[in-house]
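1. Need a 3D model of the sequence below.
(chains A and B)
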Amino acid sequence: MAASTYSPSQGAERRQRQQQMRRLSIQSDWDRSDGRSFIQCRPAFLRTGAANAASGSAYAEFGTTKVIVSVFGPRESKKAMMYSDIGRLNCNVTFTTFATSLRGQGSDNKEYSAMLHKALEGAVILETFPKTTVDVFALVLESGGSDLPVIISCASLALADAGIMMYDLVSSVSVSCIGKNILIDPTNEEEVCQDGSLVLACMPARNEVTQLTLTGEWSLPKINEAMELCMDACLKLAGIMRSCLKESANLSN
Amino acid sequence: MVGLSEGEKQFLRGGIEQDLRSDGRTRHQFRSVYVETGVIPQANGSARVRLGATEVIASIKAELGKPSLLHPDKGKVSIFVDCSPTAAAIYGGKGGEELSMELSVALERCLLGGKSGAGAAIDLSSLVLVEGKVCWDLYIDALVVSSDGNLLDSLAAAIKAALSNTGLPKVNVVLGASPEEQPEVDVSDEEFLQFDTSTVPAIITLTKVGKHYIVDATSEEESQMNSAVSVSVNRNGQICGLTKRGGAGLDPSVILDMVSVAKHVSQQFTSDLDSEIAAAEASDE
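-> Numbering: from 1, shown residues only, chains lettered A, B, ... in the order given. Here you go, the predicted structure:
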């Protein structure tokens, strides 16, 4: 009997926490569970060269979200592929079985793979490696919220580490909309009870958005506000990514 | 994909620049939309939508199921899009799979709203019959019959038409004495409940060719695009979802401008679509 009551009670507990969260969201001011302000991102930790066998790799840790990305290639495209005078980018995102609180399947995440591809393809200069393919493999070790933005930022860092030519680094930040408030870089807990979300990936130096998705109900001024917030955060994140690359270049010298 | 000569490309781009497209439309004008409802008798609701030469069919099947443990107060809706290789040769094999998934995800994002259910086209809590025990599982299946661009907008229109055609049978649930006992379910085959589709948003895809953006692009025009933004707008003019497609980057101010254009265009399209659906429903009965 104990086993059968375990899941529902956990669900009820979670629901209670969510309801509490929703109650809070109606008020204009409350503290986030990790003590951040609404427009404060989690501390970012970035390192290049996480995997030895890859042409380039990077590890990113934003709060409890931990991601490792390896880049292989450019290698010869498979024979079955049609001839192409520009290069191909092949993206793949997987979650480990222990990445989420409920044990997952650990399978490929096709949706995230496609979104990662979209976010990067506008930044990579595909003309520099004709007839060949670059593989980008991302593995989410721990999912702690805002997974996709972390994957995108980490992948562009790994591409830079592999020496793949890009117009600019791609950095990505997401915001959640809860009640009237906009929260930047949401955690899992906040994502579960969000009313809407906006994920933005951009090349800050060129002021170009490479990927943008939005869910939930938004008004135009609110989209404007959220986008400005994301662009600014992306600019700062790109600065951190750049200094990480400089650091690793200095070390190898 | 679409074989166009240099001259044709020039003609297409030049036309868009001068606000007169190859088929005589202006940049922000849709092709005429044709709706037929009740095309699949086995489904609870169905519709066929034609937008120029693009033709899609949407069917809605409702099955009784159990709500998930995480959301005992919500029903389930899943959207599948199938791009049949009969519509275009490139849909065979992996190409079709990728496109199908991209379209399904984009539709889910635009129609199912945020995690808390805000901005959703279908109110999931209205699908629950007994909390934690019985709910409706809605399966929305869409098929691309023939493709001439602007698939996402046509699919969203077809789903809206199919939803307004959907009748869910009235269900009587008799709960067992103890909570473990399976509830008895009695499905009526005479009384049906209609869906409220006024909250279902329309998706407007703006395709950027050169400096200008056009709505309802044909596949020829799509082949010339730099990037596209799909915006879903509901009747109140609120934005319920947004997806960027195409690789090239966009300036943030351009995106905001595209969203406001989409918002403007959606009003006309929504009212056109609504009257078409109403006419189709009337002729169906």
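
2. So which residues of the stretch 101-250 of chain A form helices?
-> Listed in chain order, the helices of the stretch 101-250 of chain A (DSSP state H, counting those that start in this stretch) span A:110-121, A:147-161, A:188-192, A:220-252.

3. Distance from the longest one to the middle of the chain?
-> Just to be clear, that refers to helix A:220-252. Put simply, helix A:220-252 sits 12 Å off its chain's centre (C-alpha atoms, centre = their mean, to the nearest Å).

4. how about it: buried residues?
-> Residues of helix A:220-252 classed as buried by neighbour count (16 or more other C-beta atoms under 10 Å in any protein chain shown): A:222-224, A:226-227, A:229-231, A:233-234, A:237-238, A:240-242, A:244-245, A:248. C-beta here means a position set from N, CA and C on the backbone, and glycine is covered the same way.

5. Out of those residues, which are close to chain B?
-> When contact is defined as C-beta under 8 Å from any C-beta of the partner chain, these meet chain B at A:I223, A:N224, A:M227, A:M231.

6. OK, contacts around the third one?
-> Going back to what we said before, that points to A:M227. Applying C-beta atoms under 8 Å, 6 or more residues apart in numbering or on different chains, we find A:M227 in contact with A:L198, A:L200, A:L212, B:P252, B:I255, B:L256.

7. make it 6 Å
-> By C-beta atoms under 6 Å, 6 or more residues apart in numbering or on different chains, A:M227 lies in contact with B:P252.

8. per-residue confidence at it?
-> Residue-level confidence at A:M227 comes out at 89, pLDDT.

9. Widest-spaced pair of the ones next to chain B among the buried residues of helix A:220-252?
-> Across those, the longest distance by C-beta to C-beta is 12.2 Å; it joins A:I223 and A:M231.

10. Adjacent strands (with direction) for the helix or strand of chain B with the lowest mean pLDDT?
-> Across the helices and strands of chain B, mean pLDDT, DSSP states H and E gives its lowest value to strand B:184-194, namely a mean of 75. Here strand B:184-194 is paired, per DSSP bridges, with strand B:167-174 (antiparallel).

11. Please identify which of the ones next to chain B among the buried residues of helix A:220-252 is nearest to B:D274.
-> A:I223 (25.3 Å).

12. where does the closest one land on pLDDT?
-> Looking at A:I223, the pLDDT reads 88.

13. what do you get for A:S146?
-> pLDDT, read off for A:S146, is 88.

14. residues contacting it?
-> Counting by C-beta under 6 Å, 6+ apart, A:S146 touches A:S174, A:D185, A:P186.

15. now B:I255
-> A:V209.

16. let's see 8 Å
-> For B:I255, the contacting residues are A:V209, A:L212, A:M227, B:V229, B:K244, by C-beta under 8 Å, 6+ apart.

17. Count the residues that sit near A:D34.
-> Neighbour count of A:D34, defined by other C-beta atoms under 10 Å in any protein chain shown: 12.

18. pretty sure A:C91 contacts A:A155?
-> Yes - shown here, A:C91 and A:A155 form a contact pair, counting by C-beta atoms under 8 Å, at 7.4 Å.

19. list residues touching both of the two?
-> A:L116, A:L120, A:V136, A:A138.

20. Can you get me a residue count around residue 216?
-> Because you didn't say which chain, this covers chain A. 26.

21. wrong chain, I was asking about chain B
-> Neighbours of B:D216 (other C-beta under 10 Å): 26.

22. Quick check: the gap between the residue lying closest to it once chain neighbours are set aside and B:Q267.
-> Spatial nearest neighbour of B:D216, excluding adjacent residues (C-beta to C-beta, 6 or more residues apart in numbering or on different chains): B:F30 at 4.5 Å. Computed with C-beta to C-beta, to the nearest Å, the distance linking B:F30 and B:Q267 is 12 Å.

23. Same drill for those two, tell me which one is more crowded.
-> Neighbour count, other C-beta under 10 Å: between B:F30 and B:Q267, B:F30 has more, with 19 against 13.

24. which SS class is the more buried one?
-> Three-state call for B:F30 (DSSP: H, G, I helix; E, B strand; the rest coil): coil.

25. Then the one 4 residues further on?
-> With three-state DSSP as the basis, the three-state label of B:Y34 is strand.

26. Work out which residue lies at the spatial centre of the chain.
-> As the question left the chain open, I've gone with chain A. In chain A, the centroid-proximal residue (C-alpha atoms, centre = their mean) is A:P149; its distance is 2.0 Å.

27. and that residue, what is it in contact with?
-> Here A:P149 is in contact with A:S172, A:V173, A:S174, A:D185, A:V199, A:A201 (C-beta under 8 Å, 6+ apart).

28. Pull the most distant pair out of these.
-> A:D185 and A:A201 (13.8 Å).

29. The two: who's more crowded?
-> A:A201 (31 against 26).

30. avg pLDDT for stretch B:96-108?
-> For stretch B:96-108, the per-residue pLDDT averages 86.

31. what sits up against that stretch?
-> Taking C-beta under 8 Å, 6+ apart as the rule, stretch B:96-108 contacts A:110-111, A:114, B:79-85, B:90-91, B:142, B:151-152, B:155-156, B:159, B:203, B:230, B:241, B:243, B:245.

32. quick one: the top helix by length along chain B to helix A:220-252, angle?
-> Longest helix in chain B, counting residues (DSSP state H): helix B:252-284. With axes from the mean of the first three to the mean of the last three C-alpha atoms, to 10 degrees applied, the angle from helix B:252-284 to helix A:220-252 works out at 130 degrees.

33. can you redo the shared contacts of A:C91 and A:A155 as TSV with neighbour count?
-> TSV is the format used below for the shared contacts of A:C91 and A:A155 (neighbours: other C-beta atoms under 10 Å in any protein chain shown):
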residue	neighbour count
A:L116	28
A:L120	24
A:V136	29
A:A138	28
